[in-house]
Structures are given as structure tokens and as C-alpha cells.
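**Student:** Sequence plus predicted model, see below.
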Amino acid sequence: MRRRYRPPMTGAQRVRVFCFFLAVVLITLGVVGTVHLRCLLGNLAETAVSNMVGQVVTEAVSDTIANGDIRYERLISFEKDNNGDITALHSNMAEFNRLQAGITQEVLTRLGEVAERDLVIPLGTLTGSALLAGRGPSFTVRMQSVGSCSARFENRFSQAGINQTTHRIILCVEVNMSILLPGFQTSTQVDASFSVAETVIVGDVPESYTYFDSGNPIEEDALDYTMNNG
């Protein structure tokens, strides 16, 4: 059986084959580079927006506290018995709701003022190399962020001494941001909590008490105390 004779490729054919393989390599590198660039841009944008949101929320809450809008006596009232002992705490829900709405609106207003920002990235950072990170000329990417905000108050009680209880009012703020970048979008969530008001509730000092502080579960300490002092 005779082998079929194939004439050698001409110079033009070699050029076409070379161009074909070069195009495949360039397309592959372009796809890989695009995926890497999107991932990098997304991470940088999320970090930048998270830092910006954290600063905005902190400033909004700090200004609200400094203005005297959050005051413990406006939020909580005590119910006492004939001896003057505190028997119950009552929350002023209207004031809580007003503060929640006001803080939410203040945060959204401030976020709207910085919705558009420029993300400056050194070219060396795009290589993914730790040695080249932050080096080389920079280029700017415009990003736009749109967010939603919610605020709520929580009550937390902790022991402050013998028959004393610290009551703290905690403001919890949650911000969800959608970040628009050239060709794609990403998102991030920022949670922050602030102690905005507190007081120490003092009652009658008991005639005797048992103090457990061994690091063991309180049931084990109580059992040991009972067995040794029964």
C-alpha cells in the first residue's frame, strides 16, 4: 500500500498556521486575564466600599449621639414598688422607632453622597505577584455603589456587682451594598454595632451570696458548694 504523498507546506501556509496558534494563545490569555482582572477588581472594590461604609456609619452614629438625640431616659422608664425598688423596665417604642428611621435615613443620605468613586489600581497589582503589588503606573476604574440600610436596637444585661446589673442599649446597623463595575457587578455587607446608652440598675444588697468563679459550668460549682457546705 502506497503512502499518499503530501507536499511540504508553503511559506504562506506556515504563516497561516502560526497566526492560528498565536490567535488561540492570545484568546486564552485574554480570557484568563479577564477572569483574574474581574476577581481582583471585585475584591478591591468590596474592600474599598466596606471601609467607606464603615466610616460613614460610624460618623452618622457618632453625630447622632453627640447631638443628644439618643438619651437613656428618653428610651427607658422604670417601674418601682412602694419601697422604691425597680420592678420593671418599659421601652419607649415610639422613640426607638423614630431613632431607627432617622439613623437609617442619615446613613443612606451619606452613602448617596459617595455613591460614585474612582478605584485606582497599580498595574503591578494585576499580575498577582506579591513582589509587583502596588508598583508600576496606575489606572482608574469608576465604580458606582447602591445600598440599603437597616437599624435596630437590642437590650443587653450584664452583672456589674453585688445585686447590680448593667443595662446597655446596643444599636445594630446592617448595610448591603451592590457595586457596579465595568462589565460586571458584585456586592458586600457591612455589620456594625454601637453601645449608645447604658445605666447601672442597683437593688438591695442580699444578706448572703455565693460567688462562683472557677471557670467550670455553674451547675458543677453549685453542686460542689452544696456537697462541701451541706
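**Tutor:** Yep, that arrived.

**Student:** show me the residues around the residue nearest the centre of the chain that make contact.
**Tutor:** Closest residue to the average C-alpha location of the chain: residue 190 at 2.4 Å, with Cα atoms, centre = their mean. The contact partners of residue 190, taken as Cβ atoms under 8 Å, 6 or more residues apart in numbering, are 50, 53-54, 57, 174-175, 177. All C-beta atoms are positioned from the backbone trio N, CA, C, and that covers glycine.

**Student:** Among those, which are located in strands?
**Tutor:** Secondary structure from DSSP state E places 174-175, 177 of those in strands.

**Student:** any chance of those in CSV, plus distance to residue 90, pLDDT and neighbour count?
**Tutor:** Below are those laid out as CSV (distance: Cβ to Cβ, whole Å; pLDDT from 0 to 100; neighbours: other Cβ atoms under 10 Å):
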residue, distance to residue 90, pLDDT, neighbour count
174, 27, 93, 16
175, 30, 93, 24
177, 36, 92, 22
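
**Student:** all strands of this protein, in order?
**Tutor:** Going by DSSP E, the chain shows strands at 76-80, 86-91, 116-122, 138-161, 164-181, 184-202.

**Student:** can you tell which of those strands is closest to residue 12?
**Tutor:** Among these, strand 138-161 comes nearest to residue 12, with 39.4 Å by Cβ to Cβ.

**Student:** roughly how far apart are the residue nearest to the centre of the chain and residue 83?
**Tutor:** Distance from residue 190 to residue 83, counting by Cβ to Cβ, to the nearest Å: 47 Å.

**Student:** Residue 60 too?
**Tutor:** 42 Å.

**Student:** now residue 114
**Tutor:** The gap separating residue 114 from residue 83 is 55 Å, by Cβ to Cβ.

**Student:** So which of the two has more stuff around it?
**Tutor:** Neighbours were counted for residue 114 and for residue 83 using other Cβ atoms under 10 Å; residue 114 has more, 13 against 7.

**Student:** Tell me how far that one lies from residue 55.
**Tutor:** For residue 114 relative to residue 55 (Cβ to Cβ), the value is 9 Å.

**Student:** hang on, the earlier thing: got the strands of the chain as TSV, with distance to residue 102 columns?
**Tutor:** Conversion of the strands of the chain to TSV gives the following (distance: least, Cβ to Cβ, whole Å):
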stretch	distance to residue 102
strand 76-80	18
strand 86-91	17
strand 116-122	25
strand 138-161	9
strand 164-181	11
strand 184-202	13
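
**Student:** hey, which of these is tucked in deepest?
**Tutor:** Greatest average neighbour count among these goes to strand 164-181 (a mean of 18), per mean count of other Cβ atoms under 10 Å.

**Student:** Extract the C-alpha trace of that strand and format it as PDB.
**Tutor:** Output of strand 164-181 as PDB, limited to C-alpha atoms (Å, rounded to 0.1, in the frame of the first residue of the first chain):
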ATOM      1  CA  GLN A 164     -26.200  45.300  90.400                       C
ATOM      2  CA  THR A 165     -27.000  45.000  86.700                       C
ATOM      3  CA  THR A 166     -25.600  47.000  83.800                       C
ATOM      4  CA  HIS A 167     -28.300  47.600  81.100                       C
ATOM      5  CA  ARG A 168     -26.900  48.600  77.700                       C
ATOM      6  CA  ILE A 169     -28.700  49.700  74.600                       C
ATOM      7  CA  ILE A 170     -27.000  48.500  71.500                       C
ATOM      8  CA  LEU A 171     -27.600  49.900  68.100                       C
ATOM      9  CA  CYS A 172     -27.000  47.400  65.300                       C
ATOM     10  CA  VAL A 173     -26.700  48.700  61.800                       C
ATOM     11  CA  GLU A 174     -26.700  46.500  58.700                       C
ATOM     12  CA  VAL A 175     -25.800  47.900  55.200                       C
ATOM     13  CA  ASN A 176     -26.000  45.900  52.000                       C
ATOM     14  CA  MET A 177     -24.100  47.400  49.000                       C
ATOM     15  CA  SER A 178     -24.300  46.500  45.300                       C
ATOM     16  CA  ILE A 179     -21.200  47.600  43.500                       C
ATOM     17  CA  LEU A 180     -21.300  48.300  39.800                       C
ATOM     18  CA  LEU A 181     -18.000  47.900  37.900                       C
END
